[in-house]
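*Asks:* Just a sequence and a predicted model for now, questions to come.
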Amino acid sequence: MPVDVRATIRVATAEDAERLSELAARTFRETFAADNTADDLAAYLAATFTPERQRSELEDSRQRVFLLETDGVAAGYAHLTRSTPDAAVTGEAPVELARFYVDGAWHGRGLAQQLMRAVVDEAVRIGARTLWLGVWERNARAIAFYRKHGFVDVGSHPFVLGRDVQTDRIMQRPVGPPSDD
Ligand SMILES: CC(C)(COP(=O)(O)OP(=O)(O)OC[C@H]1O[C@@H](n2cnc3c(N)ncnc32)[C@H](O)[C@@H]1OP(=O)(O)O)[C@@H](O)C(=O)NCCC(=O)NCCS
């Protein structure tokens, strides 16, 4: 149930690299540890969520990360990137929602909704007309959340976690255009 919580959402900067690295690794582990081997998970985390890699992503003008904080504590993040869209994406002017994670303590409490609103606003602001993403086919909660927010399934692609080849569903939704008011 949504709660009245002092949540803020801001654009992350290179100075957030360490905190984002910690948050990203923690929430990824929390989400996927139960359904994957420790080795596959460790390999993926070590390659993906180092502070150095986070810093270079944060310094890349094609990428934007929103940090959700509750009372100053990092509780979620969303990562938008102007990547080459997956072949299944059919919408015009697409931008990718590459990562979208909220700390487990805050699930079901409306914060993910606020974060999605920030993502959609930013997508519109940068001129995108489509938001697309890949989500593990076994991540039923995230798929339900994305459906609730207007995403539809348009295809699939392989996703490699360590040595495990998995299937991500590709989803997209229209965004914008900005209104005049
Ligand atoms: C995905 C995520 C951001 C959604 O935020 P949330 O606060 O949990 O979302 P909500 O509770 O509003 O919505 C989730 C929906 O899934 C439903 N749901 C809950 N558990 C579920 C389950 N095990 N299977 C299927 N649906 C489920 C909820 O009932 C809700 O639908 P409803 O509002 O119609 O009842 C959040 O769960 C999260 O951060 N998960 C871990 C990270 C993750 O998986 N990110 C996506 C990577 S692509």
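*Replies:* Okay, I see it.

*Asks:* which other helices and strands contact the helix or strand of the chain with the lowest mean pLDDT?
*Replies:* When each helix and strand of the chain is scored by mean pLDDT, DSSP states H and E, helix 38-48 comes last, with a mean of 93. Contacts defined by 3 or more C-beta pairs under 8 Å, 6 or more residues apart in numbering; DSSP states H and E place helix 38-48 against helix 17-32, strand 152-161. (Glycine included, C-beta is placed from N, CA and C.)

*Asks:* Same list, those, but as CSV with mean pLDDT and distance to residue 90 please.
*Replies:* Formatted as CSV, the helices and strands packed on helix 38-48 follow (pLDDT from 0 to 100; distance: least, C-beta to C-beta, whole Å):
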stretch, mean pLDDT, distance to residue 90
helix 17-32, 96, 28
strand 152-161, 96, 6
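
*Asks:* how about those in TSV, adding mean neighbour count?
*Replies:* Formatted as TSV, the helices and strands packed on helix 38-48 follow (neighbours: other C-beta atoms under 10 Å):
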stretch	mean neighbour count
helix 17-32	18
strand 152-161	14
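
*Asks:* Where does pLDDT dip in the protein?
*Replies:* For the chain, the stretches with pLDDT under 70 are 1-4, 178-181.

*Asks:* Relative to residue 6, how far out is residue 167?
*Replies:* Residue 167 is 39 Å from residue 6, where distance means C-beta to C-beta, to the nearest Å.

*Asks:* Spell out, range by range, the strands that occur in this protein.
*Replies:* Along the chain, counting by DSSP state E, strands occupy 7-11, 63-70, 73-81, 94-102, 130-136, 152-161, 164-174.

*Asks:* Now that we have those strands, can you turn them into CSV and tack on distance to residue 115?
*Replies:* As requested, the strands of the chain are exported to CSV (distance: least, C-beta to C-beta, whole Å):
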stretch, distance to residue 115
strand 7-11, 6
strand 63-70, 5
strand 73-81, 5
strand 94-102, 7
strand 130-136, 13
strand 152-161, 20
strand 164-174, 15
